[in-house]
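>>> what shape does this take:
(chains A, B and C)
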Amino acid sequence: MTRKTTTLTFFPTDITYHIKDGKAVITLFGRTTDGTQICILDDTFEPYFTVVGGTEEELLALKQDSAHVTRVEKTTRNLNETPTDCFHVFVDLPKSVPLIKDLAREKEYDCYEFDILFTRRYLIDRNLTPLVETIAEAERIPSKNKVETYLAKKITQHRTNTLTKPRALALDIETYNPDNKLNSKQNPILMVGLYGDDFTRVITWKDWPKRSDYVEVCASEADMLKRTVELIEQYAPDMLVGYFTDGFDFPYLSERAKHHKLELPLGLDNSPLEILGRSEKEAKICGIPHIDLFKFVRRVIARSLKTDSYSLDAVSKELLGAQKLPVDMNALFKLWDEPTSELDVFAQYNLQDCKLTYDLFHKLLPTLLAFVRLIHLPPFDINRMAYSMLVEWYLIVLASRQGEIIPRKPGYNTESSRIKDRIQGAFVYEPKPGLYSGIAVFDYRSLYPSIIASHNISRGTVNCSCCTDGPTIETDRGTFRYCQKRKGLFARTISNLILVRADIKKQLKKNKDPFLAAQSEALKVLANSFYGYMGFAPARFYCIECAESTTAWARHYIHQAIDTAKSRGFQVLYSDTDSVFLLLEKKTKEDALKLMEEINEKLPGLMELDYEGYYPSGIFVSVKAGEGGAKKKYALLSETGDLKIKGFETVRRNTSYIAKDCQERVLEIVLKERDTEKAKQYVRSIIDGLRKNTIPLDKLIIRTQLTKDTDKYASVGPHVAVAQRMKARGDSAGAGTIVKYIVVKGKGKIRDKVKLPDEATQDEYDGEYYITNQVIPAVERIFAVLGISEEDLAGTAGQSSLSSW
DNA sequence: ATTATCCGGGG
DNA sequence: GTGTACGGATAAT
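Purely as a prediction, here's the structure:
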């Protein structure tokens, strides 16, 4: 009867539950510190939700079919940060919660927390964090799982070690693709690539001459699928990694398995690979978190990347300095039909994609781990969350552990009406276009987070009834006052984020650990996302008054800095949101620093004005030539000689490198050498080079992204004409393709004068086109500031127009 | 300007 | 599964 209880130390990687004997059993999968994969069951957690109103008897009586209330616990929790009597209503099964909740609602009881998932509720209430070292007192039990299974008596964590070296396996497939068609019902999978620690394999079902030694040939597609499951099981990964595998590889594998009437029992409980969701799919494997790096990159990493495209190729290039193997995708199906040694290139291509994915995973692992540790949810969930959800769940877990009842998600009507709520934005002091010397720049450090923390902004502290005096803030929406006695949820949470980050930054100075660096970054972005979250219509903790007060205080503090500067005789050049640019003129840097100290003395709490830097010269350019109102278009020269350029066009849309290069060089000459004449001569030399066709061809390439397929454009612009040319010669060019072209000499419209970069020759590009449409527009506003007209610039003063050159 | 719609990414 | 979109860019009004 009695079995031996053992102590297991393990890292939980995945969590789920199953029903056994009419009861929900939490199932944790993970790896022990000595490397064994295990499964731990916990049958001591009961599903519940929270009700305000009703009586114990009435709640106990709620029942629909077999769904029923098992017990009711009277308790006190905070509702909108105010202590409130409520009930925890326990039910027989997790899926009974929505049913019983509906019955309770019919009786007009206020229901909460009925949509907090069972496994998440477990992690919150039991204070557990995935991927963190866990100690379980447990006994071994018989099971059909692929791994040793134990029933837990007690599970605890000390939040020390984290699973920083998970055993990862990357997967990628290649498919039969006639006419660029991706159709999992018709076209088979040709190859499955796997890449792990000391493991490389491409599985396929045709042989070809001179194939690489990591290629394994199966008899059929079905055999290849079975072999894939077998190899994954043998490798026993902690995490299965892919790129857009939620949207492509796993759904495709699943569909092909269905086609062959096969199951893909990848789960550690032998359950099949599951494809969830309707429009945005998720591929789930029980016990093995599936990490789709594409989703993580697009939702979390994107804002720190330069690239516009989140393709594996572009992201690998930026983060790893490595790229996909260049192949002609259209050749794959032809080679498959008649295999030659050339087909091996596609196996190499397949494996390279797996390797990039594997390397990318390790590059991004510190960030993923940082969020898992902060938010306390499983890696599978964190991987797929948008910023708003990361903030929301950070709040949910913290608030819940502090006894707060989690607000409901807004209904459709509430959300629609919230969308109409507009918040008055930041203050902008528009600069007068001009060339300036001696600029000091200050900015408020983490302005919005520090305001929220310092002014105790929170949904539960706004216009509290416990203190009627205290500072107020005027906004378009009314005057708001925040409690002086109780610390609010938002303010407490954000203060904590700021303080923990300060501590991590201190540690980072001694130890440049990438995991620490990622934690610091994660804390920063979470803090910076709070303001946006408060005004986000679908947010549970929505608080428009809080958001409105935050920007109002921001405007107040930036005005305060500007007014103090003016009263001390500084000229204010420009200001936007959290920064102030001062023109020093006769004053020194020391005077400016003294001013900063003076401003800082008056600031409350965590708020602080930072000295961003001193710039010997800077130019502010108007958005439209010759007019005022230069918003966010300026260039500064730092003391170390670096140019800081804001708001000028970049080579992304319809701009050539020659235009950008010329613009940068002009800014450099103007700011560093202060030599207008030299800048003018430089532009003239470029114009001359364009006329004489001596500027290298690759500087003239113009890039434009196709927004739709070529046949859907009403008007055929140059980029559409190029796409048509590409198609005519057999290249693919559909929606999303970035087309590259060069404008060449000739008659007619621009679209009749475009060529692909590899078709055009040095002598045939149209210099005049580049002068009028690329180079001049890029620099004319800079010269307008310096009092030089287009005509003067081009050396054509006196002529009637540019076109007469 | 503000509001709808489309699209990514994979072969 | 006690559930679910998202965010950017372009086109349309």
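>>> and A:V441, bridged to which residues?
Going by DSSP bridges, A:V441 is paired in beta bridges with A:F581, A:G613.
>>> same check, this time on A:L171
A:L194.
>>> so it sits against A:G196, correct?
No. Counting by Cβ atoms under 8 Å, A:L171 sits too far from A:G196 to count as a contact (9.6 Å). C-beta coordinates here come from the backbone N, C-alpha and C atoms, glycine included.
>>> out of those two, which sits in the more crowded spot?
A:L171 (26 against 21; other Cβ atoms under 10 Å).
>>> contacting residues for that one?
A:192-194, A:232, A:240-242, A:245, A:249, A:354, A:357 (Cβ atoms under 8 Å, 6 or more residues apart in numbering).
>>> can you tell me if stretch A:116-128 touches DNA strand C.
Yes. Using Cβ under 7 Å from any atom of the strand, stretch A:116-128 reaches DNA strand C at A:116-119, A:121.
>>> one step back: so which of the contacts of A:L171 sit within strands?
Those of the contacts of A:L171 mapping onto strands are A:192-194, A:240-242, per DSSP state E.
>>> grab the two from the residues you listed that are most spread out in space.
Using Cβ to Cβ, the pair of the ones in strands among the contacts of A:L171 lying farthest apart is A:V192 and A:V241, separated by 14.1 Å.
>>> which bits of the stretch 1-150 of chain A sit near DNA strand C?
So the stretch 1-150 of chain A meets DNA strand C at A:17, A:24, A:47-49, A:94-95, A:97-98, A:113-119, A:121 (Cβ under 7 Å from any atom of the strand).
>>> how about chain A?
With the criterion set to Cβ under 7 Å from any atom of the strand, chain A comes near DNA strand C through A:17, A:24, A:47-49, A:94-95, A:97-98, A:113-119, A:121, A:276-277, A:279-280, A:282, A:284, A:299, A:303, A:381, A:384, A:386-389, A:538, A:653, A:705, A:707-708, A:714.
>>> so among those, which ones count as buried?
Among the residues of chain A next to DNA strand C, those classed as buried by 16 or more other Cβ atoms under 10 Å are A:17, A:24, A:47-49, A:94, A:97, A:113-114, A:116, A:118-119, A:121, A:282, A:284, A:299, A:381, A:384, A:387-389.
>>> which stretches in the stretch 501-650 of chain A count as strands?
Using DSSP state E, counting those that start in this stretch, the strands found in the stretch 501-650 of chain A span residues A:571-576, A:579-583, A:609-620, A:634-637, A:643-646.
>>> list the buried residues in the third one.
When you say that, I think you mean strand A:609-620. Quick answer for strand A:609-620 (16+ other Cβ under 10 Å): A:609, A:613-620.
>>> so which pair among those residues is furthest apart in space?
Using Cβ to Cβ, the two most remote members of those are A:L609 and A:I619, lying 24.9 Å apart.
>>> A:V69 bridge partners, please.
Those that pair with A:V69 in a beta bridge, by DSSP bridges, are A:V91.
>>> wait, it touches A:H88, no?
No. The pair A:V69 and A:H88 fails to qualify as a contact (Cβ under 8 Å) at a distance of 10.6 Å.
>>> more neighbours, those two?
Between A:V69 and A:H88, counted using other Cβ under 10 Å, the more crowded position is A:V69 (21 against 17).
>>> how close does that one sit to A:D110?
17 Å (Cβ to Cβ, to the nearest Å).
>>> also A:F250?
A:F250 is 41 Å from A:D110, by Cβ to Cβ.
>>> those two - which one has more neighbours?
More crowded of A:F250 and A:D110, by other Cβ under 10 Å: A:F250, with 27 against 16.
>>> would you confirm that that one contacts A:I275?
Yes. Using Cβ under 8 Å, A:F250 is in contact with A:I275, at 6.5 Å.
>>> what do those two both touch?
With Cβ under 8 Å, 6+ apart as the test, A:F250 and A:I275 both reach A:A283.
>>> neighbours of A:S184, just the number please.
A:S184, neighbours per other Cβ under 10 Å, totals 17.
>>> cool, A:L128 as well?
So A:L128, with other Cβ under 10 Å, has 20 neighbours.
>>> likewise A:E108?
If we define neighbours as other Cβ under 10 Å, then A:E108 has 8 of them.
>>> which ones are touching the nearest residue to it once chain neighbours are set aside?
If the residues on either side of it in the chain are set aside, A:E108 comes closest to A:G53, at 7.2 Å by Cβ to Cβ, 6 or more residues apart in numbering. Shown in contact with A:G53 (Cβ under 8 Å, 6+ apart): A:108-110.
>>> all strands of the stretch 251-400 of chain A, in order?
Under DSSP E, counting those that start in this stretch, the stretch 251-400 of chain A gives strands at A:274-276, A:282-284, A:290-292.
>>> a markdown table for those, including mean pLDDT and distance to A:S458?
Listed next are those as a markdown table, based on pLDDT from 0 to 100; distance: least, Cβ to Cβ, whole Å:
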| stretch | mean pLDDT | distance to A:S458 |
| --- | --- | --- |
| strand A:274-276 | 91 | 35 |
| strand A:282-284 | 94 | 33 |
| strand A:290-292 | 96 | 34 |
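>>> now tabulate those in TSV and tack on distance to A:V722.
Shown next, in TSV, are those (distance: least, Cβ to Cβ, whole Å):
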stretch	distance to A:V722
strand A:274-276	38
strand A:282-284	37
strand A:290-292	33
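>>> and DNA strand B, which of those is closest to it?
Comparing the strands of the stretch 251-400 of chain A against DNA strand B with Cβ to the nearest atom of the strand, the closest turns out to be strand A:290-292 (10.2 Å).
>>> wait, isn't A:I382 in contact with A:L369?
No. A:I382 lies out of contact with A:L369 (Cβ under 8 Å); the separation is 9.2 Å.
>>> out of those two, which sits in the busier spot?
A:I382 (27 against 23).
>>> below-threshold pLDDT in the stretch 651-800 of chain A: ranges please.
A:651-654, A:705-717, A:730-738, A:795-800 (pLDDT under 70).
>>> mind listing the strands for it?
So, for the stretch 651-800 of chain A - with DSSP E, counting those that start in this stretch - the strands run A:702-705, A:738-743, A:754-755.
>>> let's have those in TSV, adding distance to DNA strand B.
Converted to TSV, those look like this (distance: least, Cβ to the nearest atom of the strand, whole Å):
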stretch	distance to DNA strand B
strand A:702-705	9
strand A:738-743	9
strand A:754-755	21
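>>> A:L390 and A:R373, how far apart?
A:L390 is 12 Å from A:R373, by Cβ to Cβ.
>>> between the two, which has more neighbouring residues?
Per other Cβ under 10 Å, whichever of A:L390 and A:R373 has more neighbours is A:L390, with 22 against 19.
>>> residue numbers of the stretch 201-350 of chain A in contact with DNA strand B?
Listed as neighbours of DNA strand B in the stretch 201-350 of chain A under the rule Cβ under 7 Å from any atom of the strand: A:243-244, A:247-248, A:294, A:298, A:309-313, A:329-330, A:332.
>>> which of those residues sits closest to DNA strand C?
Set against DNA strand C, the nearest of those by Cβ to the nearest atom of the strand is A:R298 (7.3 Å).
>>> what is the burial count for the nearest residue to that closest one once chain neighbours are set aside?
Nearest residue to A:R298, sequence neighbours excluded (Cβ to Cβ, 6+ apart): A:Y310, at 5.0 Å. Look at A:Y310: counted by other Cβ under 10 Å, it has 18 neighbours.
>>> run a quick neighbour tally on A:P142.
So A:P142, with other Cβ under 10 Å, has 6 neighbours.
>>> Provide a list of residues in contact with it.
A:T149.
>>> SS state for it?
Secondary structure, DSSP: H, G, I helix; E, B strand; the rest coil: A:P142 is coil.
>>> same list (the contacts of A:L171) but as TSV, adding neighbour count and pLDDT.
As requested, those are exported to TSV (neighbours: other Cβ atoms under 10 Å; pLDDT from 0 to 100):
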residue	neighbour count	pLDDT
A:V192	27	97
A:G193	28	97
A:L194	25	98
A:I232	20	97
A:L240	24	97
A:V241	28	97
A:G242	27	96
A:T245	26	95
A:D249	22	95
A:C354	26	97
A:T357	27	97
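>>> alright, that wraps it up for me.
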